[in-house]
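S.K.: let's see this in three dimensions:
(one chain, ligands or ions: 3)
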Amino acid sequence: MKFFLLLISFIYLFAYENVTVQLNWKYQFEFAGFIMAKEKGFYKQAGLNVKLKEIDKNIDVVDYVLKHENTYGVGDSSLIDSALHKRAIELLMPIYDHSLYVLAAVNIPEFKTLQDIKKHDVIMDQFAIKSPAILAMLKAQKIDISTLNIKQMNYFEDINKSGVFAIYESNKLYELQKLGIPYKLFKPSDYKFDVYGDIFFTSRQEYNNHPTRVKKMIDATKKGYIYAFNHIDETINVILNKYNTQHLTKEKLLFEAKILKKYLSKTFTFDTERLDHIANIYILVEGVRHVNLKHCHKSLYNSIYYYLKFTKKEQEFIKTHTIHAISTDSWEPFNLMINGSLGGIAIDYWKYIKSVAKIKSTCTVVHQWDKVLNSIKDKKSDLTCSTTITPDREKYALFSKPYASFPIVLATRNDVGFVNDIEVLKDKTIVVGKDYTAAKLMKKHYPNLKLLEVKDTNEALKLVSEGKVFGAVDILPVIAYKINKYNYVNLKISGKTPWTFNVRFMIRKDYPELVSIINKVIDSTPKSKRDEIYKKWIAVKFQTGYSNEYVNKIIIGISLVLILILILIIYLIRNIMKKTKLEKELENLATIDKLTSIFNRYKIDMALNEQIEIAHRYNRPMSVIFFDIDHFKRVNDKYGHKTGDLVLIELVKLISQNIRKSDIFGRWGGEEFLIILPETTLIQAVKLAEKLRKTVEEYDFEEIPSINISIGVTQLQKGDNITSLITRVDKFLYKSKENGRNKVSFG
Ligand code: GH3
Ligand code: MG
Ligand code: MG
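M.R.: Ligands and ions are numbered 1, 2, ... in the order given. This is a model prediction of the structure:
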């Protein structure tokens, strides 16, 4: 038996790669991700045998990681300082998005502003003294740290004395609260010095020599963190049983977990703009003399684009070439002139790729597309940013992977119902830009349609808006952008073709290195960056497919509401002008749901009161739709809470796209939502509810296959108030649940 065990351990030792993680403090919830990745076997599944090391007194974690092989570490944003000073480390991922360091003025009732710090003892440890955010906060207040009376922190005793302490918000506040000691907090983020909290890193040597292991460590640790924060009780029990070197109580760990949960990284990836911001904080703290931003960026960006490794040939290409881009200025919203310079989705992508790959470039703007094509054909220009592959173009140019894909959609007037299948529009005239990709596809696949080719999409939309033709077809962002820009209030997107339009870079034939460089950056572009670019250019909400036969009635009603809204707007503008920016931010916080960015419970409640009053006063119809996601708990259980959050966000987006602008949509709580439908009768509301139910049912969510919603619908009746209305609609929602879910009930 003993021999057998020995054999197993022997095999085990050889089967797993041994790795050490040096933590920057003692075991506590802060490191729950590492602990759970180990305890739940995530590291093992990746073939890693991970040893966790608590901090020893006064050890420098960066030093330790640099001096030991196979070793990783956890640090705070001061690691960026280390990178700035050319220490050979690679930052792998942020664990907490915001620094937990705060200054707490403890037991000093007369302490009012940070300036008062000069009159008191400041108690810090060696980490806090390096914390960029704390230093910047002081510096911005023109407080010279060298003039302060700084004392070394004795972690376990000092906190109940009076003084200004640099502490972790997730940690020492617990003691203060428990002991009932008064304190006042100064958070760097309140002063706009927002840096990352814990950061996972390793040595450049490990990073370069063992890229696969690095990737495994990142993935398993991330998984550990997601697991730990989704299973807080279980994790606390593990810490209490096996890792409780600090003799923490369950209560204290729970306190820590709750605070950290707010800070846990949303994406576990670095954001270049924030890194720039942090580098700038260092400039503020240290003065420009120390900072070699170029080096800092190289090191940091290497870390961010972990998957992004250029070959020697590619690096050589980047070094030796200046890329001459060429673009038209008339393809909204891809490339267009805006305030005198070229911008747009395509241009933003190109700027992003250039900054990541450090490509030098020039850009020529022309008015005709032919010129762009010829210039690339003749190798006078090297690249253009937004085009599609055609067999003809492939003869003289190369193409990148698509960096964006958009559906080709149909725009009609508002009074048209949802068009499920474009083929049914046989007798209607559809307009499309001459020779556009959309035109070619439509002709090929729908030869029976009446297709009218016009100069461009502007003209096509104008014809639709004037009622001369039924609909216009182009790519989603183009149509959405133009409806918004040219204020076509009577147009909407009411159908989708089966095709997507892939936008790519076109590159001169003899530059294959440039294609592979661009492809690598495209592959490594985080979703957040894509979303950011897309949102910037399509900041328009549009509706799809709400069929409505009562348009005339509604227009009369809406006019009334409009007058009211106008009065409200004048009132608001007056108010807003009075408000400072900070107040506005606060107001946002108070009315907008943080996760989904729609109205929160407080605001939707207010809106409902208002709408009920308006409807009663002017004797107008008004309805409400109340829905709840079916079995959402299962989604959380199966895919994790974070995924659950993403599903909520996506669902809200989907619903927002399918209701009218005048409808008021808010989060009632958890996975329950309310839509207020002014000027809407029960029949209309039920129709919309059914459409929403079906849309959700058929929607392919990015994170999970599908969800359903159960809906209750009711119309405001004479004598109703908010309570009676909500009680009734809730009853119908409950009925939908009882009848098997994924149903609409009304009355
Ligand atoms: P049913 O359809 O029958 O009502 O089942 P259900 O699981 O959806 O309903 P229940 O009310 O039992 O549970 C609601 C769950 O919704 C509980 C919680 O896990 C989840 N939830 C609520 N708010 C959020 C949130 O903000 N994010 C995530 N991820 N989940 C949430
Ligand atoms: Mg539910
Ligand atoms: Mg519920």
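
S.K.: make it CA atoms for all contacts and neighbour counts henceforth
M.R.: Will do.

S.K.: now Ile493: how far from Ile408?
M.R.: Distance, Ile493 to Ile408, by CA to CA, to the nearest Å: 10 Å.

S.K.: of these two, which one has the most company?
M.R.: Taking other CA atoms under 10 Å, Ile493 and Ile408 do not tie; Ile493 has more neighbours (27 against 22).

S.K.: pull the CA atoms of the host helix or strand of the more buried one into CSV?
M.R.: Secondary structure assignment for Ile493, by DSSP states H and E: strand 491-508. Taking Å, rounded to 0.1, in the frame of the first residue of the first chain, the C-alpha atoms of strand 491-508 are listed here in CSV:
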residue,chain,number,x,y,z
LEU,A,491,-38.5,55.5,-40.2
LYS,A,492,-37.5,52.4,-38.3
ILE,A,493,-35.7,49.2,-38.9
SER,A,494,-38.3,46.6,-39.4
GLY,A,495,-36.6,43.5,-40.8
LYS,A,496,-33.4,41.7,-41.2
THR,A,497,-32.0,39.8,-44.2
PRO,A,498,-30.2,36.6,-43.7
TRP,A,499,-26.9,38.1,-44.7
THR,A,500,-24.2,39.7,-42.8
PHE,A,501,-21.7,42.2,-44.1
ASN,A,502,-18.1,41.7,-43.1
VAL,A,503,-15.9,44.7,-43.0
ARG,A,504,-12.2,44.2,-43.6
PHE,A,505,-9.0,46.0,-44.3
MET,A,506,-7.8,45.8,-47.9
ILE,A,507,-4.0,45.7,-48.3
ARG,A,508,-1.7,45.9,-51.2
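
S.K.: packing partners of it?
M.R.: Secondary-structure packing of strand 491-508 (3 or more CA pairs under 8 Å, 6 or more residues apart in numbering; DSSP states H and E): helix 369-377, strand 383-387, strand 397-399, strand 404-413, helix 476-485.

S.K.: for the helix or strand just after it, what is the average pLDDT?
M.R.: Beyond strand 491-508 on the C-terminal side, the first helix or strand identified by DSSP H and E is helix 512-524. For helix 512-524, mean pLDDT rounds to 89.

S.K.: right, and the helix or strand after helix 512-524?
M.R.: Immediately after helix 512-524, counting by DSSP H and E, sits helix 527-537.

S.K.: now do the buried residues in that following helix.
M.R.: Buried residues in helix 527-537, counted by 16 or more other CA atoms under 10 Å: 530, 533-534, 537.

S.K.: what residues does this protein put near ligand 1?
M.R.: Taking CA under 6 Å from any ligand atom as the contact definition, the chain meets ligand 1 at 629-633, 636, 641-642, 644-645, 670-671.

S.K.: still on that earlier bit, and of the buried residues of helix 527-537, the nearest to ligand 1?
M.R.: Closest approach between the buried residues of helix 527-537 and ligand 1, by CA to the nearest ligand atom: Arg530, at 23.2 Å.

S.K.: may I have the host helix or strand of Glu256 as PDB, with CA atoms only?
M.R.: Taking DSSP H and E as the criterion, the element that holds Glu256 is helix 250-263. In PDB, the C-alpha atoms belonging to helix 250-263 read as follows (Å, rounded to 0.1, in the frame of the first residue of the first chain):
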ATOM      1  CA  LYS A 250     -16.700  34.100   9.400                       C
ATOM      2  CA  GLU A 251     -18.300  37.500   9.800                       C
ATOM      3  CA  LYS A 252     -15.100  39.400   9.000                       C
ATOM      4  CA  LEU A 253     -14.500  37.300   5.800                       C
ATOM      5  CA  LEU A 254     -18.100  38.000   4.800                       C
ATOM      6  CA  PHE A 255     -17.500  41.700   5.300                       C
ATOM      7  CA  GLU A 256     -14.400  41.500   3.100                       C
ATOM      8  CA  ALA A 257     -16.100  39.400   0.400                       C
ATOM      9  CA  LYS A 258     -19.000  41.800   0.200                       C
ATOM     10  CA  ILE A 259     -16.700  44.800  -0.400                       C
ATOM     11  CA  LEU A 260     -14.400  43.000  -2.800                       C
ATOM     12  CA  LYS A 261     -17.300  41.800  -4.800                       C
ATOM     13  CA  LYS A 262     -17.900  45.400  -6.000                       C
ATOM     14  CA  TYR A 263     -14.300  45.700  -7.000                       C
END
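
S.K.: run through who's touching it.
M.R.: With CA atoms under 8 Å, 6 or more residues apart in numbering as the test, helix 250-263 has contacts from 28-30, 96-98, 169-171, 174, 229, 232, 236-237, 240.

S.K.: out of those, which is most surrounded?
M.R.: Phe29 (26 neighbours).

S.K.: now do the contacts for that residue.
M.R.: 236, 239, 253, 256-257.

S.K.: on that earlier part again, can I get the helices and strands packed on strand 491-508 in TSV including mean pLDDT?
M.R.: TSV is the format used below for the helices and strands packed on strand 491-508 (pLDDT from 0 to 100):
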stretch	mean pLDDT
helix 369-377	92
strand 383-387	93
strand 397-399	95
strand 404-413	86
helix 476-485	84
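
S.K.: where does the prediction get shaky in this protein?
M.R.: By pLDDT under 70, the weakly predicted segments of the chain are 1-15, 81-86, 154-160, 272-273, 276, 279-280, 282-309, 420, 526-528, 539-590.

S.K.: ligand 2 contacts on that one?
M.R.: Residues of the chain found near ligand 2 (CA under 5 Å from the ion) are 629-630.

S.K.: kindly recompute the last result at 6 Å.
M.R.: The interface of the chain toward ligand 2, taken as CA under 6 Å from the ion, is made up of 628-632.

S.K.: neighbour-wise, which one of the residues you listed leads?
M.R.: Counting by other CA under 10 Å, top hit in these: Asp628 with 25 neighbours.

S.K.: my understanding was that it contacts Val696; is that so?
M.R.: No - contact criterion CA atoms under 8 Å: Asp628 and Val696 do not qualify, at 11.8 Å.

S.K.: who are the packing partners of the helix or strand hosting Glu90?
M.R.: Using DSSP H and E, Glu90 falls within strand 89-94. For strand 89-94, the helices and strands in contact under the criterion 3+ CA pairs under 8 Å, 6+ apart are helix 78-84, strand 199-203, helix 204-209, helix 293-304.

S.K.: how many neighbouring residues does Lys594 have?
M.R.: Residues within reach of Lys594, counting by other CA under 10 Å, total 12.

S.K.: can you check Asn58 too?
M.R.: Counted with other CA under 10 Å, the neighbours of Asn58 add up to 9.

S.K.: tell me the phi and psi of it?
M.R.: Asn58 adopts backbone torsions of phi 60, psi 10, taken as degrees, to the nearest 10.

S.K.: what's the residue in the stretch 151-300 of the chain positioned nearest to ligand 2 in contact with, if anything?
M.R.: At 18.2 Å from ligand 2, Asn230 is the closest residue in the stretch 151-300 of the chain, using CA to the ion. Listed by CA under 8 Å, 6+ apart, the contact partners of Asn230 are 640-641.

S.K.: now Val478
M.R.: Counting by CA under 8 Å, 6+ apart, Val478 touches 332-333.

S.K.: what about Leu336, which SS state?
M.R.: Judged by DSSP: H, G, I helix; E, B strand; the rest coil, the three-state class of Leu336 is strand.

S.K.: near the residue nearest to it when sequence neighbours are not counted, how many other residues are there?
M.R.: Of all residues not flanking Leu336 in the chain, Asp329 sits nearest, at 4.2 Å (CA to CA, 6 or more residues apart in numbering). A count of nearby residues for Asp329, using other CA under 10 Å, gives 22.

S.K.: please apply the same query to Ile592.
M.R.: Neighbours of Ile592 under the rule other CA under 10 Å: 20.

S.K.: any idea how far Tyr618 lies from ligand 1?
M.R.: 36 Å (CA to the nearest ligand atom, to the nearest Å).

S.K.: if I look at that residue, how far off is ligand 2?
M.R.: 35 Å (CA to the ion, to the nearest Å).
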